[in-house]
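> here is a sequence together with a model predicted from it:
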Amino acid sequence: MIRLDNLTKVFDTPKGAVTAADHISMEVPAGEICILLGPSGCGKTTTLKMINRIVRPTSGKVFIDGEDTSALDTQELRRNLGYVIQQIGLFPNMTIEENITAVPRLLGWDKDRYKRRARELMDMIALDADAFLKRYPSELSGGQQQRIGVARALAADPPVMLMDEPFGAIDPINRAVIQDEFLKMQQELKKTIMFVSHDIDEAIKMGNRIAIFREGKLVQYSPPDDLLAAPRNAFVESFLGEDRALKRLNLVKVRELASDEIGVVRPEDTLATALERIEGFGYQNAILMINDKRQPVGIIHRSVARTTSGYCRDHFQSVPTVVSLDDDLRKVASLMFAYDMTWMPCVDDEGRVCGQITQRAITHHLGSRYRATQSSGPGDDTGTPTPSAAEE
């Protein structure tokens, strides 16, 4: 959907020519989010702004859905690209409805159509249309204004969206909420998005692909898991940080590693039965007790089962915590540390036990990927569509 072909920008300054973006070539498939990431002054924002000609390229071309945009009128190009910036940029003298419908009105939509579209988008960004559409930007919080900025960019249903640190000015709690809501929208809308960020965790959470820039050059362009497992060079490795293995926990869901083999007992089972099943699993210090609906109702510890007689229903403790199949491994690891557990029961949407996830499985998953990349050599598994574009 987006293809950059040797896109270059050279600025003339009193001290001479400065190359802000140096022959950037990359492709973003339809429906994917590409995050542009790198230190300040690396060329990521310049590259983004060349796509809608806020910055005019010195050389190179931009293709949208196969069409060379250099032949398009600038205003026509921009009206077909959604654009969201960190400063939001809402028109202060317009109502929220007028802000959202600015581009549809310029495109000549009839009144009923653009008003209907404004209400649809308010529902999509989880704001009450009746409560907010007639307000002005100054009457909204920063997080609410940011949501309106996203809605305005989506108003004319553009196939491509450009986002320049759109959530950077929002506090961490609201930023996480807006990120989650945006990803839910993206699952339905399947927009093609180029997204500038300075936050590695945000890039890993939101990007299908991540482009690492340095001094105007595209250094590596890979899916997040490939980037973290196989950084192309020392700069990328340093930029990602020493905890890059832990960052990969965000990318893996419980369902990918959960085992359906889990020892359980029922309230009417004896403690001797519980001990036998605990011993059968070897590495566990407790076993899960479930009810007739296969829901977790308690934990029987090895020490209790070994030293006490009687029935499980009389000697259980409450279940410390459970995880769902759609939770990520970062949440699992955090809970394991918090509750001093090496395994954790997994439940489905109805709260029924469907398996377990273990610390051993998580460690093996992370380690196996690193062993694979070390054997193939660094940078061999980057998913870079144009290898020459990723060389420094």
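Structure's in. What do you need?

> three-state assignment of residue 196?
strand (DSSP: H, G, I helix; E, B strand; the rest coil).

> what about it, neighbour count?
25 (other Cβ atoms under 10 Å). All C-beta atoms are positioned from the backbone trio N, CA, C, and that covers glycine.

> I'd like to know how far it sits from residue 301.
51 Å (Cβ to Cβ, to the nearest Å).

> same question for residue 218.
Distance, residue 218 to residue 301, by Cβ to Cβ: 54 Å.

> out of these two, which sits in the busier spot?
With neighbours defined as other Cβ under 10 Å, residue 218 and residue 301 compare such that residue 218 has more, 29 against 17.

> partner residues bridging the more buried one?
Following DSSP bridges, residue 218 is listed with bridge partners residue 213.

> doesn't residue 34 make contact with it?
No: counting by Cβ atoms under 8 Å, residue 218 does not reach residue 34; the two are 11.3 Å apart.

> what segments of the stretch 51-200 of the chain are helices?
Using DSSP state H, counting those that start in this stretch, the helices of the stretch 51-200 of the chain run over residues 74-79, 96-100, 102-106, 111-124, 129-132, 142-154, 172-189, 200-206.

> deepest of the ones you listed, which one?
Mean neighbour count, computed with mean count of other Cβ atoms under 10 Å, is highest for helix 96-100 among the helices of the stretch 51-200 of the chain, reaching a mean of 24.

> what about dumping the CA coordinates of that one to PDB?
Taking Å, rounded to 0.1, in the frame of the first residue of the first chain, the C-alpha atoms of helix 96-100 are listed here in PDB:
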ATOM      1  CA  ILE A  96     -15.900  18.800  17.800                       C
ATOM      2  CA  GLU A  97     -18.400  17.900  15.100                       C
ATOM      3  CA  GLU A  98     -17.000  20.500  12.800                       C
ATOM      4  CA  ASN A  99     -13.400  19.400  13.500                       C
ATOM      5  CA  ILE A 100     -14.200  15.700  12.700                       C
END
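
> can you name every helix or strand that it contacts?
Contact analysis of helix 96-100 by 3 or more Cβ pairs under 8 Å, 6 or more residues apart in numbering; DSSP states H and E lists helix 111-124, helix 142-154 as its packing neighbours.

> now do the same contact list for the closest residue to residue 137 other than its chain neighbours.
Residue nearest to residue 137 in three dimensions, not counting chain neighbours: residue 90, with 4.2 Å by Cβ to Cβ, 6 or more residues apart in numbering. Shown in contact with residue 90 (Cβ atoms under 8 Å, 6 or more residues apart in numbering): 99, 137, 145, 148, 149, 152.

> per-residue pLDDT, residue 90?
pLDDT recorded at residue 90 is 86.

> just checking, residue 265 touches residue 298?
No: counting by Cβ under 8 Å, no contact exists between residue 265 and residue 298, whose distance comes to 9.1 Å.

> identify the contacts common to those two.
288, 289, 312.

> next one: residue 359 from residue 299, what distance?
17 Å.

> what about residue 315, neighbour count?
Residue 315 has 17 neighbouring residues, counting by other Cβ under 10 Å.

> what about the closest residue to it other than its chain neighbours, helix or strand, and which?
Spatially, and ignoring its direct neighbours in sequence, residue 315 is nearest to residue 304 (5.3 Å; Cβ to Cβ, 6+ apart). When elements are assigned from DSSP states H and E, residue 304 belongs to helix 302-307.

> tell me which helix or strand comes right after that helix.
As assigned by DSSP H and E, the chain's next helix or strand after helix 302-307 is strand 323-324.

> for that following strand, which strands pair with it and how are they oriented?
Note on strand 323-324: by DSSP bridges, its sheet partners are strand 343-347 (parallel).

> how far away from the center of its chain is the strand it pairs with?
Centroid displacement of strand 343-347 relative to its chain, using Cα atoms, centre = their mean, to the nearest Å, is 24 Å.

> hmm, residue 85 and residue 150 touching each other?
No: with contacts counted by Cβ under 8 Å, residue 150 stays clear of residue 85, the gap being 10.9 Å.

> so what sits against both of the two?
Listed contacts common to residue 150 and residue 85 are residue 166; contacts here mean Cβ under 8 Å, 6+ apart.

> give me the secondary structure label for the nearest residue to residue 366 once chain neighbours are set aside.
Distances taken as Cβ to Cβ, 6+ apart put residue 245 closest to residue 366, at 5.5 Å, once the chain neighbours are dropped. Under three-state DSSP, residue 245 falls in the helix class.

> and residue 245, what pLDDT?
Looking at residue 245, its pLDDT stands at 80.

> do the one 5 residues further on as well
On the pLDDT scale, residue 250 is placed at 85.

> and if you look at residue 62?
At residue 62, the pLDDT value in this model is 94.

> just give me the neighbour total for it.
Other residues lying near residue 62 total 21 when counted by other Cβ under 10 Å.

> surely it and residue 69 touch.
Yes: using Cβ under 8 Å, residue 62 is in contact with residue 69, at 4.8 Å.

> beta partners for residue 328?
Partner residues in beta bridges with residue 328, using DSSP bridges, are residue 253.

> tell me the mean pLDDT for stretch 265-275?
On average, stretch 265-275 scores 93.

> who touches that stretch?
277, 287-292, 297-298, 300, 302, 304-306, 308-313, 315-316.

> write the PyMOL selection for whichever of those are buried.
Remark: buried members of the contacts of stretch 265-275, expressed as a PyMOL selection using 16 or more other Cβ atoms under 10 Å:
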select buried, resi 277+287+288+289+290+297+298+300+304+305+311+312+315+316
